[in-house]
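1. Could you look at this predicted model? Sequence included:
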Amino acid sequence: MNLVLEKKYTIFNIKIENLYFYLMLFFAFSMPLSRASISLCVLLFVSLWIYEGDFKNKFQKIKTSKLLVSFSLLYFLILFSLLYSSDFSLALKFVRLYLYWILIFIIALNLKKEYINKIITAFLFGMFISEFIAYGVILDLWEFGIATKQTPSPFMMHIDYSIFLAVTSIILFNRLLQKDYTFKEKLAIFLFFLSTTGNLFLSTGRTGQIALIFAIIVMFFYNFRFKIRTFIFILLSLLSIYLLAFNLSNSFNHRMKMIQKDFSHLNSGNFNTSIGIRIAYWIVSYDIFKNNPLIGVGAGDYSLAINETLDKKEFGNFVNAKEFMSTSHAHNQFLMIIIQLGLLGLLLVLYIFYLLLRTILKIKNKEHKAILLLFVVIYLASCFTDPLWYKQFTIAIWILFISFITYYELDINYNDIKKEKGIN
C-alpha cells in the first residue's frame with residue numbers, strides 16, 4: 001500500500017503537487033517566450049494528470065464548476081459542428097486549438113491560493129526578458145527573431161504582443177496604487193511599468209493600446225469608486241500616457257493618423273483599410289448569420305461562408321477589400337463564433353464571460369480580484385479586433401488567467417458546500 005501511495009503522489013521523490021506548481025511557474029514564465037514551450041507544457045500537464053489518475057474525484061469537482069461545464073459544452077459544440085463542416089481539415093484545426101483549454105481544468109484543480117502571486121511574478125519575469133530583447137532590437141544592439149525596430153515583438157505577432165504588454169502594464173499600474181508594497185518595490189514596479197508601456201506604444205499593435213484605455217478606466221473605478229478624484233485620475237493618466245506616446249513614438253503617431261485616414265476613406269466609400277475591413281466583416285457576418293442563425297456554418301466553413309457571401313451579393317464598396325477578406329478570418333472573436341457556431345455558440349460564450357465576471361466579484365483578495373478583472377477587460381476588448389482563441393499565444397495567456405478565476409470559483413463553491421453541511 002505504501003508503494004502504491006508513493007507511486008501515486010510522487011515522481012522521482014518529488015510530490016506531484018509540487019510538480020504541478022513547478023509546471024505552472026514554467027508555463028507562466030516561458031509563455032511569452034516560446035511557442036514550443038506552450039506545446040511542451042500541454043504535453044507535460046496532460047501526462048502528469050493522466051499519471052495521477054483519480055478521475056472519478058476529478059470529475060466530481062469539475063461538475064461543481066459552472067465555468068468548467070461551460071468550457072466543456074463549448075468544446076462539444078465545436079465537435080458537433082464537425083458533422084456539418086464541409087472543410088473537415090480546417091475544422092480539426094479548431095478542435096485542436098480549443099483542446100488547449102484542458103489546461104484550465106488541470107491548473108484550476110491543482111492550484112493553491114498561495115501559488116498565484118508567484119505564478120504572476122513568473123509571467124512578469126518572462127515578459128521582462130521579452131522586453132529586454134525587444135529594446136535591444138529597438139536600440140540596434142542585436143537582431144532577434146521576427147522583431148524589427150518598427151515591430152519590436154521578438155516571439156509573436158505584434159497584435160498578440162500588444163495584448164501581453166497591455167496585461168503586464170495594467171498589472172504593474174494597479175500595483176502602484178496598492179498599499180502592500182514598499183517604496184523601493186514601487187520604484188522598481190514604476191520603472192518596469194514605464195518600460196512595458198513604452199514598449200507597447202513603440203510597437204504597431206493598436207489592439208493592446210486601445211484595450212489599455214478600458215482597463216485604466218475600470219482600474220480607477222475599482223480602486224476609488226465613483227468619486228470626482230477618480231475622473232481626475234483617469235483623465236490625467238490617459239492624457240499623460242497617450243499624449244506622450246503620440247509625441248514620442250513615431251509608430252504610435254503614424255498608427256493614430258492612419259485611423260483618421262481610414263475613416264476618411266470610409267466616407268468616400270473605400271473599405272480597403274484596417275478599420276474598413278473590420279466594418280465590412282460585421283456586414284458580411286450578419287448576412288451569414290441570417291442564413292445560419294442557430295448553429296452557424298460549422299467550425300471549418302467560415303472561410304467558405306465568407307467567400308460565398310462576397311460572391312453572391314453585390315457589396316459595391318467592398319470591391320477593393322474583397323481580396324483580403326476572402327483569404328482571412330473575420331478579425332473579431334465574436335463574429336467568428338457567430339459564423340461558426342451561430343446564436344447557440346454566441347450565447348454560450350457570453351454566458352462564459354458572465355460567469356467569469358460574477359466569480360471575480362466574489363473574490364475576497366483585493367489584488368487578485370483587480371488583476372483578474374482587468375485581464376478580462378483587456379481580453380474582452382481585444383476580442384473585438386482579433387480572434388484571440390485561434391492563436392497559440394493568446395490562447396495561452398487566456399488559459400493562465402482564466403485558470404485563476406476557475407480556481408476561485410471551485411474554492412467558493414467548496415466553501416459554500418461546507419457552510420451548507422455545517423462544517424467548520
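-> Sure thing, it's come through. Numbers count the residues shown, from 1 in each chain.
2. Could you double-check that residue 119 lies in contact with residue 399?
-> No: contact criterion Cβ atoms under 8 Å: residue 119 and residue 399 do not qualify, at 11.9 Å. Placement of C-beta: from N, CA and C, glycine included.
3. Contacts for stretch 48-67, please.
-> 8, 11, 16, 19-20, 23, 68-69, 72, 105-106, 108-109, 352, 355-356, 359, 402, 405-406, 409-410, 413-414, 417 (Cβ atoms under 8 Å, 6 or more residues apart in numbering).
4. Buried members of these into PyMOL, please.
-> The following PyMOL line selects those of the contacts of stretch 48-67 that are buried, judged by 16 or more other Cβ atoms under 10 Å:
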select buried, resi 16+19+20+23+68+72+105+106+108+109+352+355+356+359+402+405+406+409+410
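5. Need phi/psi at residue 230.
-> Backbone torsions of residue 230, given as degrees, to the nearest 10, read phi -60, psi -50.
6. quick one: contacts for it?
-> Residue 230 touches 220-221, 224, counting by Cβ under 8 Å, 6+ apart.
7. Would you format these as TSV with neighbour count, pLDDT and secondary structure included?
-> Converted to TSV, the contacts of residue 230 look like this (neighbours: other Cβ atoms under 10 Å; pLDDT from 0 to 100; DSSP: H, G, I helix; E, B strand; the rest coil):
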residue	neighbour count	pLDDT	secondary structure
220	24	94	helix
221	15	94	helix
224	16	90	helix
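8. which one of those sits closest to residue 180?
-> The nearest member of the contacts of residue 230 to residue 180, counting by Cβ to Cβ, is residue 224 at 16.5 Å.
9. Quick check: closest non-adjacent residue to that closest one.
-> Spatially, and ignoring its direct neighbours in sequence, residue 224 is nearest to residue 230 (4.3 Å; Cβ to Cβ, 6 or more residues apart in numbering).
10. Report the separation between that neighbour and residue 240.
-> Distance of residue 230 to residue 240, computed by Cβ to Cβ, to the nearest Å: 16 Å.
11. Also residue 271?
-> To residue 240, residue 271 is 35 Å away according to Cβ to Cβ.
12. Ok, residue 143 next?
-> 33 Å.
13. for stretch 71-81, which positions count as buried?
-> Within stretch 71-81, the residues that count as buried by 16+ other Cβ under 10 Å are 71-72, 74, 77-78, 81.
14. and if you look at stretch 79-92?
-> By neighbour count with 16+ other Cβ under 10 Å, stretch 79-92 contains the buried residues 81, 85, 87, 90-91.
15. Which ones among these map onto helices?
-> Using DSSP state H, the subset of the buried residues of stretch 79-92 located in helices is 81, 90-91.
16. wait, what's in contact with residue 324?
-> By Cβ under 8 Å, 6+ apart, the contact set of residue 324 is 272, 277.
17. and residue 299, that one's in a strand?
-> No: per DSSP: H, G, I helix; E, B strand; the rest coil, residue 299 lies outside any strand segment and is coil.
18. can you list contacts of the helix or strand hosting residue 379?
-> According to DSSP states H and E, residue 379 maps onto helix 366-382. Contact with helix 366-382 is made by 116, 120, 163, 166-167, 170-171, 174-175, 178, 180, 207-208, 210-212, 214-215, 218-219, 222-223, 353, 356-357, 360-361, 363, 388, 394, 397-398, 401, 404-405, 408, as judged by Cβ under 8 Å, 6+ apart.
19. pLDDT score assigned to the residue lying closest to residue 327 once chain neighbours are set aside?
-> Leaving aside its sequence neighbours, residue 327 sits nearest to residue 303 (Cβ to Cβ, 6+ apart; 7.7 Å). For residue 303, the model assigns a pLDDT of 88.
20. Residue 303 - how many residues pack around it?
-> Close neighbours of residue 303, defined as other Cβ atoms under 10 Å, add up to 18.
21. before we move on, what about the one 4 residues further on?
-> By the measure other Cβ under 10 Å, the count of residues near residue 307 is 15.
22. Please look at it and residue 328 and confirm they touch.
-> No: Residue 307 lies out of contact with residue 328 (Cβ under 8 Å); the separation is 10.8 Å.
23. Report the separation between residue 360 and residue 397.
-> Taken as Cβ to Cβ, the span from residue 360 to residue 397 is 17 Å.
24. circling back to that earlier point, and residue 119 and residue 399? Which one has more around it.
-> Neighbour totals were compared for residue 119 and residue 399, and residue 399 leads with 25 against 22 (other Cβ under 10 Å).
25. mind listing what the residue nearest to that one when sequence neighbours are not counted touches?
-> Nearest residue to residue 399, sequence neighbours excluded (Cβ to Cβ, 6+ apart): residue 103, at 4.8 Å. For residue 103, the contacting residues are 27, 41-42, 45, 399, 403, by Cβ under 8 Å, 6+ apart.
26. Return the member of those residues nearest to residue 256.
-> Using Cβ to Cβ, these come closest to residue 256 at residue 399, 32.1 Å.
27. if I pick the closest one, what's in contact with it?
-> 100-101, 103-104, 107.
28. Which parts of the stretch 101-250 of the chain are strands?
-> For the stretch 101-250 of the chain, no strands turn up when DSSP state E, counting those that start in this stretch is the criterion.
29. Where does pLDDT dip in this structure?
-> The chain contains residues with pLDDT under 70 at 1-13, 262, 265-270, 313-321, 416-424.
30. run the last query once more with 50
-> Applying pLDDT under 50 to the chain picks out residues 1-7.
31. Comparing residue 271 and residue 240, which residue is more hemmed in?
-> Shown here are residue 271 and residue 240; by other Cβ under 10 Å, residue 271 has more neighbours (25 against 10).
32. surely that one meets residue 279?
-> Yes: contact criterion Cβ under 8 Å: residue 271 and residue 279 qualify, at 6.7 Å.
33. ok, the residue nearest to residue 399 to residue 394 distance?
-> 14 Å.
34. again with residue 150
-> Using Cβ to Cβ, residue 150 is found at 21 Å from residue 394.
35. These two: which has the busier surroundings?
-> Between residue 150 and residue 394, residue 394 has the larger neighbour count (other Cβ under 10 Å), namely 25 against 13.
36. Secondary structure element for the more buried one, which one?
-> helix 392-421.
37. Identify, from the contacts of residue 399, the entry nearest to residue 187.
-> residue 107 (32.3 Å).
38. Now do the phi/psi pair for residue 15.
-> In terms of degrees, to the nearest 10, the main-chain angles of residue 15 are phi -60, psi 140.
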